[in-house]
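[1] Sharing a sequence plus its predicted fold:
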Amino acid sequence: MMEALLPALVLLPFMGFIVSLIIPRKSDLLLSRTSFVTAGVQLMAVVLFTSAWLFSGHVPVNVKEVVVYRSAGYEFFLDLYFDKVTAVYLTMGALLTFLITIYSRYYLHREEGFKRFFNTILFFISGYSLTVMSGNLETLFIGWEILGVSSFLLIAYYRDRYLPVKNAVKVFSIYRLGDIGLILAMWMSHHLWHENITFLKLNNYDLVHERLMEHSLVGVFISLMILVTAAAKSAQLPFSSWLPRAMEGPTPSSAIFYGSLSVHIGVFLLLRTFPFWEHQVSVRIAIALLGLCTSIVSTLTARVQSSVKAKIAYSSIAQIGLIFIEVAAGLDWLALFHFAGNAFLRTYQLLVSPSVVTYLIREQFFHFTPREHSFEDTWPKRLEYSLYVLSLKEWNLDAFMYRWLWNPVKAMGRNLDQFTIRRMLLVFVPLYALGVVALYAQDRLPGALNTVLPMVSALIALIMVLRAFTERHHVRRALLMIIMGHFWVALAVSFNEHFDIMHSLLYLSGVVVAGVVAYACILWLRRTEKQVNLRRFHGHVFEHPRLALVFLLSCLGMAGFPITTSFVGEDLIFTHIHPHQIVLAGLVSLCFVIDGLALIRLYARVFLGPHVKTYHEVAYRSS
Amino acid sequence: MSNPGTNKVAVNGTTFDLDHVLHELKHYLPAQAPLKDFIHHNTLHAFQSEKFEPALRRASAIFGYKVCLTVHQYRDLFRKGRIDEQVLRRVVVSRKGIKKVEQWMHNVLEVPYAGGVRPRVGELRAHWKRDRRIDLDSQVHTNLFRILNSYLDQGIAIWHFPVRDKGFLASIREIERSSLVGFLRTKRAKALLLDQTTNVGQLLDMLVGDPALYEHYLFDQQFAHPGWSGLVAVIESDPSSLLDRRKITLEELITLELLLEIDVLDDHFPKGWSPLAKGLVEHPTPLFAPVAMTEADQVAAIWQEAFEWTCYDEALQGLLQNSTREHHPAGGGAQALFCIDDRECSFRRHIEELDPSFETYGTPGFFGVEFYYRPEHGRFNTKVCPAPITPRYLVKELDSKGERKKDLHFTEHSHGLLGGWIISQTIGFWSAFKLFLSIFRPSMSPGTSDSFQHMDQLSRLTVENQDPADREDGLQVGFTVEEMAARVEGVLRSIGLVQRFAPVVYVVGHGASSVNNPHYAAYDCGACSGRPGSVNARVFCHMANHAGVRELLRERGLHIPETTQFMGALHDTTRDELVFYDEVVIDPVNMRQHLKHEELFRKALALNAKERSRRFESVDTAMPADVVHERVKLRSVSLFEPRPELNHATNALCVVGRRSLTKGLFLDRRSFLNSFDASLDPDGRFLLSILNAAAPVCGGINLEYYFSRVDNHKLGAGTKLPHNVMGLIGVANGIEGDLRPGLPSQMIEVHDPVRLLIVVEHDHEVVLRTIQKVAATYEWFINEWVNLVTVHPVTKAIHRFSDGAFLPYAPKYTAIAEVDDILDQLEEEMENHPVRLLKRA
């Protein structure tokens, strides 16, 4: 009975989302009603289900839902799971979404993009529900990707201004980093279990214990990858600076996503995988230490923030740091309780944040004392000033990301400037043909070559996507490079196994179809617009909203978003990489990450940001 | 070359004079005070010394502002009948001559104009990105804004800027000197910062290298973040605009920004870099070079004038037709003084409709009494009169019973590590409950800005000065009898209330209530510096009821009968509630009257709420007035309601004359109404003081709405939904944006961008002489930032002011319809409603 109902909880928000897509833009009332009804029914269903589950002995429920793809030794299936962690997260999600949809119905009234807002919210909550109800890493990954994309869309909600778009890309890139962690964790766990293991099975102590005894390093690797992913999503060190920057959308969306649901999803991942790393003491210490450092650093940062939303964001991060410690200590009930309280508190604080002027100015008017000391004033000056400046600069975390992550990547890409499109085609197409020939003649090649070839192919793929990522002028060149990158990845992996053309086809078919559509979009755009390049943001969505949507979808398709076959293909590709090929796995995952970034960058540069045409109001870049 | 280290240099005849440039910058930057003192003003005040049309053209070419609707939008209005064809044709004839009418009508109606502006400001600094491939702003702004915000912060941060009593740069220098981690990364920039002799000229030599470009560079730089720069300039000139004062100058801000730029450049180009001017092939267009007029500009100007006069003509026609109707002189009922505010326009109409014997008057809502007010336990004095006046008086509140509730959600504890741990797991669940309540049962909360909280209803005020030596903060506590009499007389004579006093005369100030609204001050009374007018109303009544004052007034020929009593009140324009003050002083006979009036006010308030509700999409206007009224009240305390009221939106007129001119005329809350009786003021003495206030106050409100409407991005604050409160002094989008001065889109979206038309009921020759007396006032008229017509009190002839003279003017004739019940007609629509005559009972 329980099993039969579980999928309904996931499908409900998805259905609401689909319905909301169909409703015409002008029917405000219908749109808000759809969201309201979806959220309301979802809330009722969740409450009823949870109550029934509690009364029926609260044993974890697991449903193997759909097998998406199956081939020899490989099965990609969706799996749902429900336990106390799911119960709490799902209830919180449904409750907050319900409240916020009612709130936003008035708050966003007459706002341009009213429909887009509710579409995105429903999309988000669909992804969220899927994530928290997922029964294996693959299902979780689908939800995870939806969360990432809907976050991007919400942050860039005011897409005609510079900062929201810039910050949306920034946050997306951090999310993408987290995604590598998850991809690598999935890859390694395929090899550890020889299947797409369900979370239910992880509860089996003997099974996990036995396997980890044999492969303790593999266990640590998977756990650390999970930690990276969780830290990125929950804005722990060194990723913290994205959270305040995500507060670019309408206040209620910031409140619910960056104040509560989205930012606690890292905690969820830890709680969900707890049985896996429970007995790895080193991992538990690492998690607790990370949480501790984060909470100290963000508390200091929160104390110096002079904008109200940044202050709330850092306070929230600090609490999540504490929740990390609680999770590491095995206090899962406390962590869940703390999560709920923190989520409610920060949501409400963000919602009432505009009132802070009335309230605090009044306080100041009646209670002002000229020099209020903060306790830091008693510290030695050198210490006080240093900590103050550091906290004010958010411990250079934002700069750190640039300096050590994005700038080197960009620099690498820039060094590849000499690859013009013609040269690329001239060099790499024959080279690729050679690669394919080598592939068919694999058995006759010397063994050493067989180990080097995959690496070389992957490296070429990386060069391609890097080049696309740093392309400054031609959109089409970047697109071509991305597509070629995918081909090289497929080639690299094909050397590894007994060549199964179906796997490569599955992977490449999605990419190619999406790539062709994207290419066609740009051709179409260039017919009417003079300025289409990557030098700046162009904001063409102002005049071409539909084209922008198609282009976005095809970009997502190319990036392995679960709308084309490439999504399964991507997972499949990784199963072909052996556990000892850590470099190859690293290269390929790096390819995927940069690939996603490059595509989102393309979309943002061409369609988002301040419009190149200025016959209407255009915002300052600094707004 | 210039001499390094000077702020004044001369090269090849071009000079760079820092003081001059700073002066110019302050002139052109937005002049909006911190949020608590939000006062409406002409957004483009810097251009007011020029005529409206060329000024706007220049503003657009230099700063990239959009200054009118697009041709497309005008044509749309034309199709909807909102711009009249006859008026349009008249405008074309007057501008282009009869011969070219058809050609220009074609231009106006058909020719496609691309539009679009490339502002001159920013052109020079753009070369960093174009030539050197470095995006300075993206690396400098975040740092600069957070340093500024932390230094100026009024109470959001828990850990304050560690050094703050020394001035901006000195404070930063001290921190930089002792801190292990600096604001700057590179050695040279750091050394320059620590060197006290470093000045702007020297830094510009390094960065730009050609003094001829320095002014342009600084404009480019500061107008990349006009919000912060403007605020710093305001604070520099008026440090008291911050309760917790800070010393800062625009020069310091510029110095720091230049240093940050050098820092970024040194860091980015470790091998060195050359000044911007080097390698600059083309010099940018000088900022203030003449601006050519294009055909598109002329078409836009024609449209704008036609749009405005379509609206004006209808109103003028309404006034004319109204004046031909038979008037029953009111009297015998009660009298009430209101603020000239356009929001009182409908309230007055409803009162008069319900009781035709009720007479209403309009005068600026500080009621001629200018002073600082200090509520009980207040640590500061707050100004409650028009912003340009500097009062010499203090009125204190005593015996206040008002309580201020606390809200844990705004406390510092929830942001501490352990405090947050405890609070999130306790109060956190309380928040969920509060969130639930705030959505399903909104109610007053400590975060609400409540107009009635400005002064406790039952407190006492120190209105009368007991002893000239009684001074606080350099202000005289209260007014002497003589001073009181002068003020009461001034107001009564200026509005023409000198005889036939009713037994009860109400003096009604106004204020507004809202929650989750950083712009709350903009909703209160503009004539009281963005505060509710309750104290002023009460103070005025105290004065007018004072026996000594009455005595003095009698000596001066102003007889107020002993039976007449004045009663102060406050009208909350958001909630449509009215509170009376000092009811105890009313004698029993008048009290009976008052009780009757109270019922009348209650009804009028409900009707007013119903009329207002037609613009609120979420309220069903068709419901009974009392029900609608409750819904309207609910809006003011709803966290999720970004439009508690629409404030001055749709304002277009200002009528200075007797109420008989406008009584019974439906103007759709679009008019400021200032009472004035020409027969009592043959030489324009009172008129002068009325116009001295009305032009800048009403004109300022009108133009702020105008510009926020036509360019909500650059001249307005954009939508308020993503706003983030910065340091309690301003709002920004997100956490790293520039401050957003101007009005948010929610306040202006229903506003029609038309200039104010001031209608004066007086002989045009007297008016001409009067407006020319004060240069600052005359500038508003001669440069056409407001339009002006006169209606002769007797002949009703209309004259239009244009280029320094009054010419006879005949508005386009349209019969203004007479209606029985205007509210019935309003239920259906949200757009501006045409002028109507109300049938007399």
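    Cool, the structure landed. Small disclaimer: the values here were computed from a predicted structure and weren't measured.
[2] B:Ala569 belongs to a strand?
    Yes - the assignment for B:Ala569 is a strand, going by DSSP: H, G, I helix; E, B strand; the rest coil.
[3] Now do the buried residues in the helix ranked longest in chain A.
    Ordering each helix of chain A by length in residues (DSSP state H) puts helix A:162-193 first. The neighbour-count criterion (16 or more other C-beta atoms under 10 Å in any protein chain shown) identifies A:162-192 as the buried residues of helix A:162-193. Just so you know, the C-beta spots here come from the backbone N, C-alpha and C atoms, and that holds for glycine as well.
[4] Nearest spatial neighbour of B:Ser323, chain-adjacent residues omitted?
    Excluding its sequence neighbours, the residue lying closest to B:Ser323 (C-beta to C-beta, 6 or more residues apart in numbering or on different chains) is B:Lys796, at 5.3 Å.
[5] Show the residue spans covered by the strands in the stretch 451-600 of chain B.
    Here the stretch 451-600 of chain B has its strands, by DSSP state E, counting those that start in this stretch, at B:460-461, B:471-472, B:475-477, B:504-511, B:565-572, B:577-580.
[6] Including mean pLDDT, could these go into a markdown table?
    Listed next are the strands of the stretch 451-600 of chain B as a markdown table, based on pLDDT from 0 to 100:
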| stretch | mean pLDDT |
| --- | --- |
| strand B:460-461 | 92 |
| strand B:471-472 | 92 |
| strand B:475-477 | 95 |
| strand B:504-511 | 96 |
| strand B:565-572 | 96 |
| strand B:577-580 | 96 |
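[7] Nearest to chain A, out of those strands?
    Shortest distance between chain A and these, using C-beta to the nearest C-beta, is found for strand B:504-511: 13.1 Å.
[8] is chain A contacted by the closest one?
    No - contact of strand B:504-511 with chain A (C-beta under 8 Å from any C-beta of the partner chain) is absent, the minimum separation being 13.1 Å.
[9] strands paired with that strand, and their directions?
    Its sheet considered, strand B:504-511 pairs with strand B:335-338 (parallel), strand B:565-572 (parallel) by DSSP bridges.
[10] starting at the chain centroid, how far to the last one?
    Strand B:565-572 has its average C-alpha position 24 Å from the chain's average C-alpha position, going by C-alpha atoms, centre = their mean, to the nearest Å.
[11] Keeping just the C-alphas, turn it into PDB.
    Extracted C-alpha coordinates of strand B:565-572, given in PDB (Å, rounded to 0.1, in the frame of the first residue of the first chain):
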ATOM      1  CA  GLN B 565     -13.000  75.300  18.900                       C
ATOM      2  CA  PHE B 566     -10.200  73.700  16.900                       C
ATOM      3  CA  MET B 567      -9.600  69.900  17.100                       C
ATOM      4  CA  GLY B 568      -6.600  68.200  15.800                       C
ATOM      5  CA  ALA B 569      -6.800  64.800  14.000                       C
ATOM      6  CA  LEU B 570      -4.700  62.400  12.000                       C
ATOM      7  CA  HIS B 571      -5.900  60.700   8.900                       C
ATOM      8  CA  ASP B 572      -4.100  57.400   8.100                       C
END
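[12] which SS state does the residue nearest to B:Ser323 fall under?
    With three-state DSSP as the basis, B:Lys796 sits in coil.
[13] Tell me how far it lies from chain A.
    As judged by C-beta to the nearest C-beta, to the nearest Å, B:Lys796 and chain A stand 42 Å apart.
[14] list the contacts for B:Val181?
    Shown in contact with B:Val181 (C-beta atoms under 8 Å, 6 or more residues apart in numbering or on different chains): A:Ser386, A:Val389, A:Leu390, A:Lys393.
[15] That one belongs to a strand, doesn't it?
    No - assessed with three-state DSSP, B:Val181 is coil; it does not lie in a strand.
[16] tell me the phi and psi of it?
    With angles defined as degrees, to the nearest 10, B:Val181 sits at phi -110, psi 130.
[17] Give me the pLDDT for it.
    In this model, B:Val181 is scored at 88, pLDDT.
[18] re earlier: in a markdown table: the strands paired with strand B:504-511, plus mean neighbour count.
    Below are these laid out as a markdown table (neighbours: other C-beta atoms under 10 Å in any protein chain shown):
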| stretch | mean neighbour count |
| --- | --- |
| strand B:335-338 | 26 |
| strand B:565-572 | 26 |
